[in-house]
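> coordinates only, sequence not included:
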């Protein structure tokens with residue numbers, strides 16, 4: 001037990017480690033997260049670690065509180081998108097916390113890194129050089145990233161779902177590919193965006209909207225029919241060849257049937273593209289994994 005424990009060092013170390021734990025959990029299941037959520041959760045975790053370190057609460061109760069803390073932080077980082085995704089996110093966070101804790105102890109035990117190490121009430125204090133701490137944190141993150149790549153390689157290949165899009169009285173039914181490369185997001189809500197072939201969607205679109213989608217630089221948006229104008233949005237995208245904007249339509253709901261189960265998104269944003277989505281015309285839409293993660 002060191003004679004002096006500096007609370008700022010304790011906070012900084014736990015903040016860095018907690019942030020890396022949450023990033024690792026997101027990497028493990030390929031979840032998209034926001035940096036400000038990670039910062040809030042890491043700060044909350046570090047503050048609680050400082051309180052736990054100096055607390056006289058029994059160890060068994062402290063372990064229960066630490067577990068609940070990581071579940072709460074998982075909620076802050078990932079949000080709530082259903083019971084099944086929440087459980088998976090919480091488990092990934094707890095597993096990554098155990099991995100980081102074990103590797104941190106092994107680092108000190110076998111390399112002597114850090115002048116002082118104390119583990120009290122579930123909180124870790126290491127008087128360790130910042131460079132060594134960062135090196136360890138990124139090394140652990142890299143190991144978890146590698147594990148996630150291996151799990152992805154071993155997992156079943158991308159599969160298909162049946163999707164029905166509802167636009168008022170109009171419906172559009174098609175085959176969708178679950179594509180891990182579909183990273184389109186709604187800039188306002190952060191929700192994943194469905195990518196749809198324009199040629200497939202054109203059969204339910206009115207003439208004015210079809211003209212606007214085909215040649216936006218030559219067509220006045222006022223020519224778009226009133227019933228569809230309020231549904232029209234623009235979504236930014238980026239790719240290896242560059243980036244740009246895609247026209248998107250707000251569907252009242254999207255009903256997705258995947259592996260015999262059904263999930264509904266209300267509302268759903270559908271971006272239109274002239275590209276052949278499957279390369280061989282095998283599907284008309286692309287879904288992100290987040291669309292079916294609750295199934």
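Received it, and whenever you're ready, just let me know what you need. Note that the structure is a prediction, hence the values are computed from the model and not measured.
> and residue 221, how many residues sit next to it?
Neighbour count of residue 221, defined by other C-beta atoms under 10 Å: 11. To be clear about C-beta, it is placed using only N, CA and C from the backbone, and glycine gets the same treatment.
> now swap in residue 13 and tell me
Neighbourhood size, residue 13 [other C-beta under 10 Å]: 24.
> measure it to residue 20 for me?
Residue 13 sits 11 Å away from residue 20, taking C-beta to C-beta, to the nearest Å as the criterion.
> likewise for residue 12?
Separation of residue 12 from residue 20 (C-beta to C-beta) stands at 13 Å.
> go on, residue 89?
With C-beta to C-beta as the criterion, residue 89 and residue 20 are 16 Å apart.
> same deal with residue 10?
Separation of residue 10 from residue 20 (C-beta to C-beta): 16 Å.
> what do you get for residue 203?
Distance, residue 203 to residue 20, using C-beta to C-beta: 49 Å.
> the two - which one has more neighbours?
The residue with more neighbours, out of residue 203 and residue 20, is residue 20; 21 against 9, by other C-beta under 10 Å.
> secondary structure element holding that one?
For residue 20, the element it lies in under DSSP states H and E is helix 7-28.
> buried ones in the helix or strand just after that helix, by neighbour count?
Sequence-wise, the next helix or strand downstream of helix 7-28 (DSSP H and E) is helix 35-53. Within helix 35-53, the residues scored as buried using 16 or more other C-beta atoms under 10 Å are 37-38, 41-46, 48-50, 52-53.
> with stretch 206-215 instead?
Under 16+ other C-beta under 10 Å, the buried positions of stretch 206-215 are 208, 209, 210, 211, 212, 213.
> then stretch 166-178?
Result for stretch 166-178 [16+ other C-beta under 10 Å]: buried residues 166, 167, 170, 172, 174, 176, 177, 178.
> can you check stretch 287-295 too?
Under the neighbour-count rule (16+ other C-beta under 10 Å), stretch 287-295 has 287, 288, 289, 290, 291, 292, 293, 295 buried.
> just the helices in the stretch 151-295 of the chain please.
198-201, 207-214, 226-229 (DSSP state H, counting those that start in this stretch).
> adding mean pLDDT, write these out as CSV.
Listed next are the helices of the stretch 151-295 of the chain as CSV, based on pLDDT from 0 to 100:
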stretch, mean pLDDT
helix 198-201, 89
helix 207-214, 87
helix 226-229, 87
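> closest one to residue 269 among those?
Of all the helices of the stretch 151-295 of the chain, it is helix 198-201 that lies closest to residue 269, at 13.2 Å by C-beta to C-beta.
> residues making contact with the closest one?
172, 174, 213, 214, 249, 270, 272, 273, 274, 284, 285 (C-beta atoms under 8 Å, 6 or more residues apart in numbering).
> list the residues that contact the spatially most central residue of the chain.
Nearest residue to the geometric centre of the chain (C-alpha atoms, centre = their mean): residue 32, 2.1 Å. For residue 32, the contacting residues are 26, 183, 185, 190, 290, by C-beta under 8 Å, 6+ apart.
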